[in-house]
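Q: Model the following, please.
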Amino acid sequence: MTDTKNTSLKLHFIAIGGKVMHNLALAMSDKWHKVTGSDDEIYEPSLSRLDAAGILPSKMGWDTNNITEDLDYVILGMHAKADNPEILKAQELGLKIMSFPEFVYEQSKGKKRIVIAGSHGKTTTSAMIAHALQSCDKDFDYVVGAQLPGFDRMVKLTDAPIIIIEGDEYLSSAIDRRPKMLLYKATTAVITGIAWDHINVFPTYEGYVDQFRLFLKDLPAEGKVFYYEEDSSLKKLINEKNTEAKCIPYTEVELNAERSVTLGTSTYEMQLIGSHNYQNMKAAQRVCNDLGLSGKQFFRAMSTFVGAEKRLEFIKNKKDRAVIIDYAHAPSKVEATVKAVKMHWPHRTLIAALELHTFSSLNKEFIPHYRHAFDPADIAIIYYSPHTLKMKGMPDLSYEWLYSQIVHPKLKIFTEKSELVNYLSGINYKNTNLLMMSSGTFDGFNLSKDGVKI
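A: Next up, the predicted model:
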């Protein structure tokens, strides 16, 4: 790897404003590489961070003049389309074009690469491992998909011997249709479970599972994969024995009645709620033990772990009510999150709201998978924007059809933010929790700014 001014690389990031992309650009700038970038729109906090580092594009939009023959690499974010003029110019000049996961691998070839894969829990599991390693003063790098408490950025790339990578199964770029997790070339892996997602890319369940089959097959013979053995689809895949790596099962951290873990004479109280989070914690424990941390070191660190951004994150938490946001958007994630909140506060009314925002969640063939996802909730809310459907080139959804697909006696459906705000403003929140789930923003909904008092 090159870290000095004398051996710096010249890098151009197309779609530099993305969550991971701008963090990667900042990490490369820190290593004295010459970094430029372009994007058609850049929002906060990316905009301020790039500006402070002196690498914010001088103007928005694409410009072929950004692409010159002396570039060492052109790095693509998912936001950049295949017909992007800068991509076309780079192809014409025969430059090295890489998706960001491919470039991350290029920068971490000599490291132990621990890739956290699976349909759910990747960010939380990665965050737990990072938190534990940091608590024990271990030297490591990381690439994660959300802001982590105690970390300034989502990407760190130095000369550390270990890197923790959140490896999702979505496409690497518009011109590289391979799942990101395959490009990191894991030496150690975690697979948290398999639940069909990204129907726009993997239209069949078997096609989706195939990606994890490839992931397992690519693991080196001296490698390890920690897998959640209670997931029947994943266990079936592991039993195919199509990997030479050592397959090690895990289940769930066992808690005492007061949500704590006891090791010898020491007791560590945990902060998280939800069975799925303690499955993630067990995976993180397996990895950290493999990296040399003791059980006491790990659980001491976990006692101060409060989660990652938008992963059962509290916006408000009062004596008899709470507002919680979560990134859940796929059916299995929604079901696990709703169940976790209701089980933790069984005597509180639970209002569970989901924004249909992704291609999969807005697809009429996929929506029936949400049929029972809201069962534990007292009130279920579905929100979607006709504008989002139009922007994605998808047909409109009717209220009547959605009511027939989602089984819940108190289901509400809204398509305008003002309608959602009016409904939420009229609720008495005494002994009530509001859970809002989305990979989007509910069209910019904000409790304080929109005047919803809880």
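Q: Considering helices and strands only, name the one in this protein with the lowest mean pLDDT.
A: Least confident helix or strand, the chain: helix 386-391 with a mean of 90, by mean pLDDT, DSSP states H and E.
Q: Show residues contacting whatever helix or strand comes next after that one.
A: Downstream of helix 386-391, the first helix or strand assigned by DSSP states H and E is helix 399-405. Applying Cβ atoms under 8 Å, 6 or more residues apart in numbering, the contact partners of helix 399-405 are K364, I367, P368, Y370, R371, I382, L411, I413. No exception for glycine: its C-beta is placed from N, CA and C like everyone else's.
Q: what's the model's confidence in helix 399-405, averaged?
A: Helix 399-405 comes out with an average pLDDT of 94.
Q: quick one: buried residues of it?
A: Neighbour-count burial for helix 399-405 flags L402, Q405 (criterion: 16 or more other Cβ atoms under 10 Å).
Q: And for stretch 234-252?
A: L234, K235, L237, I238, T243, A245, C247, Y250, E252.
Q: What of stretch 433-452?
A: 433-438, 440, 442-443, 445, 447, 450, 452.
Q: mind saving the C-alpha coords of that stretch as CSV?
A: Provided in CSV are the C-alpha atoms of stretch 433-452 (Å, rounded to 0.1, in the frame of the first residue of the first chain):
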residue,chain,number,x,y,z
ASN,A,433,-44.1,3.3,21.4
LEU,A,434,-43.7,4.5,17.9
LEU,A,435,-41.4,2.4,15.7
MET,A,436,-40.5,3.9,12.2
MET,A,437,-38.7,1.6,9.8
SER,A,438,-37.2,2.6,6.5
SER,A,439,-34.1,2.7,4.3
GLY,A,440,-35.4,6.2,3.4
THR,A,441,-36.7,9.2,5.4
PHE,A,442,-40.5,9.0,5.1
ASP,A,443,-40.1,12.0,2.7
GLY,A,444,-38.1,14.0,5.2
PHE,A,445,-40.4,13.4,8.2
ASN,A,446,-39.0,14.9,11.4
LEU,A,447,-40.9,14.7,14.8
SER,A,448,-39.8,18.2,16.0
LYS,A,449,-40.0,20.1,12.7
ASP,A,450,-43.3,18.5,11.7
GLY,A,451,-44.8,19.3,15.1
VAL,A,452,-45.6,15.7,16.3
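Q: How far off centre is that stretch?
A: For stretch 433-452, the gap between its own C-alpha mean and the chain's C-alpha mean amounts to 19 Å (Cα atoms, centre = their mean, to the nearest Å).
Q: do stretch 204-213 as well
A: Averaging C-alpha positions (Cα atoms, centre = their mean) puts stretch 204-213 19 Å from its chain's average.
Q: Can you give me the domain assignment for the protein?
A: 5-99, 108-302, 313-437 (automatic domain parsing).
Q: partners of V143 in the sheet?
A: Beta-bridge pairing of V143 under DSSP bridges involves V155, I165.
Q: thought it was touching I163?
A: Yes: counting by Cβ atoms under 8 Å, V143 does reach I163; the two are 7.1 Å apart.
Q: who's more crowded, these two?
A: Comparing V143 with I163 by other Cβ atoms under 10 Å, the one with more neighbours is V143, at 28 against 25.
Q: for this structure, what spans make up the helices?
A: 19-30, 46-52, 85-93, 100-107, 122-135, 180-183, 205-217, 232-239, 275-290, 295-302, 331-344, 386-391, 399-405, 417-425 (DSSP state H).
Q: Quick check: closest non-adjacent residue to I427.
A: Spatial nearest neighbour of I427, excluding adjacent residues (Cβ to Cβ, 6 or more residues apart in numbering): I351 at 7.1 Å.
Q: what do you get for G61?
A: D40 (5.7 Å).
Q: residues contacting the one you found?
A: M60, G61, W62.
Q: is it true that G440 touches L354?
A: No: at 10.6 Å, G440 and L354 do not qualify as touching, with contact defined as Cβ under 8 Å.
Q: what's the distance between the residue lying closest to E258 once chain neighbours are set aside and A146?
A: Excluding the flanking residues, the one nearest E258 by Cβ to Cβ, 6+ apart is E269, at 7.0 Å. As judged by Cβ to Cβ, to the nearest Å, E269 and A146 stand 24 Å apart.
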